[in-house]
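In: sequence? don't have it. structure:
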């Protein structure tokens with residue numbers, strides 16, 4: 001059965017692989033990204049050029065879904081921003097730029113799309129092992145990892161708030177995956193998993209994970225850089 005996905009950060013890495021896998025499986029995808037040049041509109045793919053830090057753009061997109069009468073089966077909040085520099089060199093602007101995408105943008109989009117997400121639907125927040133209490137932490141990633149910690153707590157809170165009505169909320173805390181973001185965080189490191197391999201797992205989880213989990217932060221990591 002065809003499902004409708006909204007996937008953010010869809011122009012590269014795991015997000016782009018997710019879009020292609022969902023299309024190959026016969027699903028409909030609203031692919032959100034600031035740059036949509038790598039996404040070609042088809043009868044089941046709808047590229048949406050959007051900056052998640054722009055509240056007005058998010059409202060415009062939600063109005064589009066309302067006008068089209070769209071019901072979303074899964075929202076995959078995959079978009080992310082990263083700053084890699086020693087903490088003493090970071091600025092308020094650095095932290096704000098990361099949190100505006102990873103936390104505030106995620107929250108704004110989720111809030112705007114909630115009226116259109118099926119009650120048995122699934123919101124999957126893509127987090128990081130760096131945001132899990134007690135996991136290995138790495139210098140230079142203070143803004144990024146702390147933002148993912150915020151995403152994890154937000155996921156738990158939303159699951160509690162909507163547990164009686166749906167949808168379900170879960171977060172996948174990813175370990176090392178060979179993407180542009182990993183290269184920025186750990187230059188020269190070779191991850192054991194490709195973006196395609198991780199996307200396959202995420203897609204299946206988005207389709208079925210809510211049957212087994214709600215409000216969970218699940219570690220998806222075979223190795224730590």
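Out: Structure received. Not measured: the values here are computed from a predicted model. Residues are numbered from 1 along each chain as shown.
In: Which residue comes closest to residue 166 once chain neighbours are left out?
Out: residue 119 (3.8 Å; Cβ to Cβ, 6 or more residues apart in numbering). For glycine as for every other residue, the C-beta is placed from the backbone atoms N, C-alpha and C.
In: Counting neighbours, what do you get for the one you found?
Out: 10 (other Cβ atoms under 10 Å).
In: How about residue 115?
Out: 11.
In: can you check residue 59 too?
Out: 12.
In: Now it: phi and psi?
Out: Main-chain torsions, residue 59, degrees, to the nearest 10: phi -60, psi -40.
In: Which residues are in contact with it?
Out: residue 112 (Cβ atoms under 8 Å, 6 or more residues apart in numbering).
In: From residue 33, how far out is it?
Out: 18 Å (Cβ to Cβ, to the nearest Å).
In: Equivalent analysis for residue 19, please.
Out: From residue 19 to residue 33 the distance is 9 Å (Cβ to Cβ).
In: related to what we said a few turns ago, now do the buried residues in whichever strand or helix holds the residue nearest to residue 166.
Out: Using DSSP states H and E, residue 119 maps to strand 117-128. Across strand 117-128, burial judged by 16 or more other Cβ atoms under 10 Å covers 117, 121, 122, 123, 124, 125, 126, 127, 128.
In: Where do the helices of this protein begin and end?
Out: 13-24, 55-68, 92-99, 106-113, 142-161, 180-185, 195-208 (DSSP state H).
In: Let me know which of the ones you listed is the nearest to residue 45.
Out: helix 13-24 (5.8 Å; Cβ to Cβ).
In: Tell me which other helices or strands the closest one touches.
Out: strand 4-8, strand 28-33, helix 195-208 (3 or more Cβ pairs under 8 Å, 6 or more residues apart in numbering; DSSP states H and E).
In: got the contact list for the spatially closest residue to residue 81 that is not a sequence neighbour?
Out: Closest residue to residue 81 in three dimensions, ignoring its sequence neighbours and counting by Cβ to Cβ, 6+ apart: residue 101, at 3.9 Å. Contact partners of residue 101, counting by Cβ under 8 Å, 6+ apart, are 52, 53, 79, 80, 81.
In: Pull up the overlap in contacts between residue 19 and residue 33.
Out: What both residue 19 and residue 33 touch, as defined by Cβ under 8 Å, 6+ apart, is the set 10, 39.
In: any idea how far the residue nearest to residue 112 when sequence neighbours are not counted is from residue 70?
Out: In this structure, residue 112 finds its nearest non-sequential neighbour in residue 62, 4.1 Å apart by Cβ to Cβ, 6+ apart. Remark: distance between residue 62 and residue 70 (Cβ to Cβ) = 10 Å.
In: So the two - more neighbours on which side?
Out: residue 62 (19 against 16).
In: Look up how far residue 104 lies from that one.
Out: Applying Cβ to Cβ to residue 62 and residue 104 gives a distance of 16 Å.
In: most remote residue from this protein's center?
Out: Distance from the C-alpha centroid of the chain peaks at residue 88, with 28.4 Å (Cα atoms, centre = their mean).
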